[in-house]
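In: Coordinates for the following, if possible.
(2 chains)
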Amino acid sequence: MALLLFAYPQEIYAQSKPPLEYQVKAAFLFNFTRFVRWPSLGGGNSPFVIGIAGNDPFGSYIDDLVNGERMGGHPLIVHRYTESDDMSNCNILFINVADIQKLKAILAQVQNLPVLTVSDADGFIKAGGIIRFYKDENHVKMEIKPAAARAAHLEVSAKLLQIARTDN
Amino acid sequence: MPFPQKAITCLLLCLIAGAFHSIALAQVDSARYTAAGIKKLSIDELMNIEVTSVSRHAEKLSEVASAIQVITNEDIRRSGAKSLPEALRLAPNLQVAQYNSYAWIISARGFNNVFSNKLLVMIDGRTVYSPLFAGVYWDVQSVMLEDVDRIEVISGPGGTMWGSNAVNGVINIITKKAKDTKGLYLSAGAGTYLHDNVTARYGGSIGKSINYRIYGMRNEIDPTLKPNLQPNNDNWNLNQGGFRMDYDGDGADKLSLQGNFEWGTEHTNPRPSSFDNQNATAQWLHTFSATSGLQVQSYYDRTWRRDLPSLLNDELQTYDVDMQHYFQLGKKHHLVWGAGYRITYDNSQNTTSFVGFVPAIRNMPLYNVFLQDEIQLTPEALKLTLGSKLLHNVYTGFEWQPSARLTYTSGQGTLWGAVSRAVRTPSRIDVDYHIPTYPVPDNVQHVGGGPNFVSEKLVAFELGYRIQPTTDISLSAATFYNIYQDLYSVEAQPGTKTYLIQNGMQGNSQGIELSGVYQAFSNWRLRGGYTFFHKNIRDKPGHDFDTTYEGTDPQHQVVIQSMFDIVHNLQLDITGRYVSGRPQSVVANVPAVSQYSNLDVRLAWQVKKVEFSITGQNLINANHVEFATFRIPRNVYGQIAVRF
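Out: The predicted model follows:
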């Protein structure tokens, strides 16, 4: 069903590449599929969905990146949500909204669901998010809240916890 | 037996010792992070991408088309190594043999002798290969290991990018940027062979764009043992200090300035020898666009050795300026070209007429240009790299060092092959070395330098495969077949007792280098490798010289390093190595050496900002021989380190 929901025509993203910072973040989102375990991913060929809520900073770059990739038997797809969409069907959700109230509303939608929430926003961890990207000396680093991951029934690998700043 | 005398002199003189461009890892720019490419990067590699400076980044290790090994800061710290040569033992593709307390013999792909003259070594871009002795003075070339970011070791020819003398390998020692060494670091250690060691560093920043550090250290090392187990009066000390300052305003320009000085005393017979060194390096990096940039570097280095007080003093001064420009041409060509000029002034003061350099003073200008084109033949998969360096030196004029490399990347693996030519250009010890230093008639035995000595030449064929089957394992295999021409010899002119340094030998070598890293658990990391080496050296028709002069290399070598966190603040680290035996060399006056295995063990306990550690090095035997006759004692030392 997620396949039906492509909100934007592909051509809009074609050709252009996002800034390197977002190329790296896109790669991180993809990498999370290997370092986080989801409780169940549905049956058969149902897709594994990387969702983007709010403004899309990646463009077609992230579609190219996950194109042809699978998580277990599940094909990876990217889905862009508008505010009014139901986001509970995604597995990773990158939230890119500036307004903290809107951000909290999105987090509330997926609360206690096995959705790995990710954002750049400053107050994201405090608001209940799981992984926050931040920039440190020109590098993209991340902050993880293990308690929030546990509440979402997600198992984050030791490797990922090791390289991230954890917020207990 | 014409040469024991000379050989002994060599041993004494060649207190062995040993690069600009962060290797290697060739430059690539952000525009090349295609979606398909970036997702192959490991999570650690992603974290290391500099997202606002797009000019250069390290190529993914598993896709580099050469036999490269990287020793990280953590590998070094957890090995317990207290000196650069000890840290280099961690590279399975290097042969490292300790000769005495302050002299080391380090080579790649064999030729491990007192003149290990086919390996180029650079510290933050500064070449430390001596054009006097054709090798590296490992005692003078020291760095504060705590502030080393990584050591890149390439076995195999690197002449196209790095210049002459990178025949069998290149070592790049890269220290951390000043922004990565902020705060105070203090350490003090003492032990049974490492007499004592004190280190201090402070790093800070001025405004947003300037970071700096200053450091100082002192090492005092005890003597090795003679064959009769009496102390071998070769204890020594090293004092070193320096600074580094980096400017990075997040704009198109980055600047880096560093300076180091060191001095030390070594116990030699009949009186102590001493050395001092001062060097300064400036680097400027300018980014034009995402695909093009310019690097300009300049350094000055002065080394004074008051060696063998009865024989020789030497002052060597080097001025070097070098630039590199990289850019993209069309979609498929990534070009790098560069040019460099170096002038070396050598002033050797022969304090005896028994042996020395004639003429005493020599100026050695060296200039070079190079061009390399990396051609993407098919998207992602097939890449061809063609390049050559053209250099001009004072002894042999123009020399060229071309190479061709083909890389095929598929899935998690990279298959690569290369054909390269590299040269070792003459050093003063090849051309100007006289015994004695005054004219002698032909019927009296003497060495009259190498007036006709030309560069030693290599054509190398390499084939390798790297694979990272899972995020936890990476493996690499490299094989090579090397053909050498015009290797060094010292032979009497027919009908005379005049020995001249010539190019009387040739030969070939083969080998296999296997290595790997395995993250067994999040708290247990293993790395290591195995190297097989074999060579056949023979005299050229009409020449006669003992071929063992080119090194009595061990055939087999194994290194395994285990880094284990028992609990989060308690580390147990073990490094084991095996080196097979070496035959004797009559001409070099070195006896056969038996095979040996050894073990280094480190236990470290972290209490907040303080780290207590106890390390045992060369634990298996009370002492052992690695090269020639001196016995290297077991060393057990304790250390306290504080990081604020």
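
In: what does the longest helix seen in chain A contact?
Out: In chain A, taking DSSP state H as the definition, the longest helix is helix A:20-35. Applying C-beta atoms under 8 Å, 6 or more residues apart in numbering or on different chains, the contact partners of helix A:20-35 are A:17-18, A:48, A:50, A:57-58, A:61-62, A:65-66, A:69, A:71, A:76, A:92, A:94, A:116, A:118, A:120, A:131, A:133, A:135, A:140, A:142, A:156-157, A:159-160, B:30, B:33, B:35, B:38-39, B:41, B:43, B:46, B:49, B:51-52, B:54, B:471. Using the backbone N, CA and C atoms, a C-beta is placed for each residue, glycine as well.

In: In strands only, show me the residues you listed.
Out: If you go by DSSP state E, the contacts of helix A:20-35 have A:48, A:50, A:71, A:76, A:92, A:94, A:116, A:118, A:131, A:133, A:135, A:140, A:142, A:156 in strands.

In: what about the longest helix of chain A, distance to the chain center?
Out: 9 Å (C-alpha atoms, centre = their mean, to the nearest Å).

In: same question, stretch B:615-634
Out: 22 Å.

In: same deal with stretch B:576-593?
Out: Using C-alpha atoms, centre = their mean, the offset of stretch B:576-593 from its chain centre is 21 Å.

In: Could you do stretch B:117-130 as well?
Out: 6 Å.

In: Would you mark the buried spots in the longest helix of chain A?
Out: Residues of helix A:20-35 classed as buried: A:20-33, A:35 (neighbour count, 16 or more other C-beta atoms under 10 Å in any protein chain shown).

In: what does stretch B:377-386 give?
Out: Buried residues in stretch B:377-386, counting neighbours by 16+ other C-beta under 10 Å, are found at B:383, B:385.

In: What's the end-to-end length of it?
Out: 12 Å (C-alpha to C-alpha, to the nearest Å).

In: What mean pLDDT does it get?
Out: Here stretch B:377-386 scores 87 as its mean pLDDT.

In: Flag every residue of chain A that's near chain B.
Out: Within chain A, the positions lying close to chain B (C-beta under 8 Å from any C-beta of the partner chain) are A:17, A:19-21, A:23-24, A:26-28, A:30-31, A:34-35, A:61-62, A:64-65, A:67, A:69, A:135, A:137-141, A:157-163.

In: Any stretches of the chain with poor pLDDT?
Out: Here I'm looking at chain A. A:1-17, A:137, A:168 (pLDDT under 70).

In: my question was about chain B
Out: Applying pLDDT under 70 to chain B flags residues B:1-36, B:48-63, B:308-310.

In: Helices of that one, start to end?
Out: Assigned by DSSP H, the helices in chain B fall at B:4-13, B:35-38, B:43-47, B:73-79, B:84-88, B:159-162, B:428-431.

In: ranges for the strands of the stretch 301-450 of chain B?
Out: Counting by DSSP state E, counting those that start in this stretch, the stretch 301-450 of chain B has strands at residues B:312-329, B:333-350, B:356-357, B:361-378, B:382-393, B:397-410, B:413-424, B:433-435, B:446-448.

In: will you turn these into CSV that also has distance to A:Gly43?
Out: CSV is the format used below for the strands of the stretch 301-450 of chain B (distance: least, C-beta to C-beta, whole Å):
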stretch, distance to A:Gly43
strand B:312-329, 47
strand B:333-350, 46
strand B:356-357, 81
strand B:361-378, 38
strand B:382-393, 40
strand B:397-410, 32
strand B:413-424, 33
strand B:433-435, 80
strand B:446-448, 84
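
In: now these as TSV including distance to chain A?
Out: Output for the strands of the stretch 301-450 of chain B, formatted as TSV (distance: least, C-beta to the nearest C-beta, whole Å):
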stretch	distance to chain A
strand B:312-329	14
strand B:333-350	17
strand B:356-357	49
strand B:361-378	17
strand B:382-393	20
strand B:397-410	15
strand B:413-424	18
strand B:433-435	50
strand B:446-448	56
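
In: Nearest to B:Gly638, out of those?
Out: strand B:312-329 (37.7 Å; C-beta to C-beta).

In: Direction included, what does the closest one pair up with?
Out: Partners of strand B:312-329 in the sheet, by DSSP bridges, are strand B:292-307 (antiparallel), strand B:333-350 (antiparallel).

In: got the residues of the stretch 451-600 of chain B near chain A?
Out: So the stretch 451-600 of chain B meets chain A at B:471, B:519, B:521-522 (C-beta under 8 Å from any C-beta).

In: ok, of the buried residues of helix A:20-35, which one's closest to B:Gly356?
Out: A:Leu20 (57.1 Å).

In: Pick out the residue of the stretch 201-350 of chain B closest to chain A.
Out: Nearest residue of the stretch 201-350 of chain B to chain A, counting by C-beta to the nearest C-beta: B:Asp250, 7.7 Å away.

In: rewinding a little: quick check: which of the strands paired with strand B:312-329 is buried the most?
Out: strand B:292-307 (a mean of 20; mean count of other C-beta atoms under 10 Å in any protein chain shown).
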